[in-house]
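A.B. asks: please work out how this folds:
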Amino acid sequence: QVQLVESGGGLVQPGGSLRLSCAASGSIFAIYTMGWYRQAPGKQRELVATITTDGSTTYADSVKGRFTISTDNAKKTVYLQLNSLKPEDTAVYYCNADLVPRWGSGAREDHWGQGTQVTVSS
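C.D. replies: As a prediction, this is how the structure comes out:
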């Protein structure tokens, strides 16, 4: 069974930084894309950033220049460096992976972590 486990959330003042991590574990044949999404209270979940295994990245316009996504493919881990945080970045941040489990039909599946809270407040 595949699991995604996030860590690194917390409370930070405006202008501060955090680093989120998400490790994929279990029987995984291949990972294609990993990414971060977030959901603020009363709002829909939105894309923050994604990265493919060859290093191609996408970012939401609202975080460009402030957040950086990276991976350690050997560790099946994706990171999100959050800099210059603003109160509007407050949300639950979810890790996502587009992958093929080792045991199954061979089809690609979408997996989610449990979420980690990021709160930006003075």
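A.B. asks: list the contacts for the residue nearest the centre of the chain?
C.D. replies: By CA atoms, centre = their mean, the chain has its centre lying nearest to residue 36, at 2.6 Å. Taking CB atoms under 8 Å, 6 or more residues apart in numbering as the criterion, residue 36 is in contact with 20, 22, 48, 49, 50, 69, 78, 80, 93, 94, 95, 96. For glycine as for every other residue, the C-beta is placed from the backbone atoms N, C-alpha and C.
A.B. asks: which strand or helix spans it?
C.D. replies: strand 28-39 (DSSP states H and E).
A.B. asks: how about that strand: buried residues?
C.D. replies: Within strand 28-39, the residues scored as buried using 16 or more other CB atoms under 10 Å are 28, 31, 33, 34, 35, 36, 37, 38.
A.B. asks: for the second one, which non-adjacent residue is spatially closest?
C.D. replies: Setting aside the residues directly before and after it, residue 31 is nearest to residue 99 in space (CB to CB, 6 or more residues apart in numbering), at 4.5 Å.
A.B. asks: give me the distance between the one you found and residue 86.
C.D. replies: 32 Å (CB to CB, to the nearest Å).
A.B. asks: do residue 68 as well
C.D. replies: 16 Å.
A.B. asks: neighbour count: these two, which is higher?
C.D. replies: residue 68 (16 against 13; other CB atoms under 10 Å).
A.B. asks: show me what that one is bridged to.
C.D. replies: Beta-bridge partners recorded for residue 68 (DSSP bridges): residue 81.
A.B. asks: hmm, it is touching residue 84, no?
C.D. replies: No. Using CB atoms under 8 Å, residue 68 is not in contact with residue 84; the gap is 11.3 Å.
A.B. asks: per-residue pLDDT of residue 89, please?
C.D. replies: Per-residue confidence (pLDDT) for residue 89: 98.
A.B. asks: that older thread, which among the buried residues of strand 28-39 gets closest to residue 6?
C.D. replies: Taking CB to CB as the measure, residue 6 lies nearest residue 36 of the buried residues of strand 28-39, at 8.8 Å.
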